[in-house]
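Novice: task: produce atomic coordinates for the following.
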Amino acid sequence: MILSNVEIHRALDEGRLVIEPQPSPRSPTANATDDCPYQTSSIDLRLANEISYFREGLPLDINLSRGGFARLFGPMSESVKISEGQPFVLRPNHLVLGRTLERVELPIVANGQSLAARVEGKSSYARCGLLVHFTAPTIHSGFAGTITLELINLGPCNISLYPGAPICQLIVETVLGTPFRNDSQFQGQGRPGGNAT
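Specialist: Numbers count the residues shown, from 1 in each chain. The predicted structure follows:
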């Protein structure tokens, strides 16, 4: 079951969902200078200030049978810091990794109170050709870290990526039963590409 914005607030207040820094404002007001990040059934998350990508011209054949992708990306990649004055220009048909500014935690709790989430793109960006997160949107119960975003430009024009821009939406769902821990290779990630902080 997908949580409404009211239930998302309740989960944040109860500690069943942790988002740091917590998105604000919690509701739209006539005087607010910032848009409310809580849609009816999702929360907008923002782009952090680091972009990573595979180095150009690598003689690399990625073997899917070997796994260990968190370790593969690091030594084969480059990272750049972005700012308001120096955005990253994503060219058509290029893939980079970003991450959310917010750290998300979905603690495993008893009595059917655990949550999981999905990260999805925003329709306004998709209409420009920007895919924000594809093929693996699930954020499992027990996860803690920033969320890596696979950003690809399928449109005809360059897209400038700025830190702090609302880049994706988190859809929060209930989990039936109490899961046992089975952390992924990306647990605790704090950098694009899955490297822990």
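Novice: which helix or strand lies directly C-terminal to the helix or strand where Arg46 lies?
Specialist: Arg46 is located in strand 42-46, with elements delineated by DSSP states H and E. Proceeding C-terminally, strand 42-46 gives way to strand 50-54 as the next helix or strand, assigned by DSSP H and E.
Novice: put the alpha carbons of that next one into PDB.
Specialist: The C-alpha trace of strand 50-54 is given here as PDB (Å, rounded to 0.1, in the frame of the first residue of the first chain):
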ATOM      1  CA  GLU A  50      28.500  15.500  -7.100                       C
ATOM      2  CA  ILE A  51      28.300  13.700 -10.400                       C
ATOM      3  CA  SER A  52      30.200  10.600 -11.400                       C
ATOM      4  CA  TYR A  53      30.700   8.900 -14.700                       C
ATOM      5  CA  PHE A  54      32.800   6.200 -16.400                       C
END
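Novice: quick one: list the elements packing against it.
Specialist: Secondary-structure packing of strand 50-54 (3 or more CB pairs under 8 Å, 6 or more residues apart in numbering; DSSP states H and E): strand 77-81, strand 95-105. For the C-beta atoms, the positions are set from N, CA and C on the backbone; glycine is no exception.
Novice: can you list the strands that the strand holding Arg46 pairs with?
Specialist: strand 38-39 (antiparallel), strand 166-174 (antiparallel) (DSSP bridges).
Novice: out of these, which is the most enclosed?
Specialist: strand 166-174 (a mean of 21; mean count of other CB atoms under 10 Å).
Novice: ok, back up a step: ok, which of the strands paired with strand 42-46 comes nearest Ala144?
Specialist: strand 166-174 (14.0 Å; CB to CB).
Novice: just to revisit the earlier point, now the helices and strands packed on strand 50-54 in CSV, with mean neighbour count and distance to Phe180?
Specialist: Listed next are the helices and strands packed on strand 50-54 as CSV, based on neighbours: other CB atoms under 10 Å; distance: least, CB to CB, whole Å:
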stretch, mean neighbour count, distance to Phe180
strand 77-81, 13, 33
strand 95-105, 21, 17
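Novice: I am finished for the moment; much appreciated.
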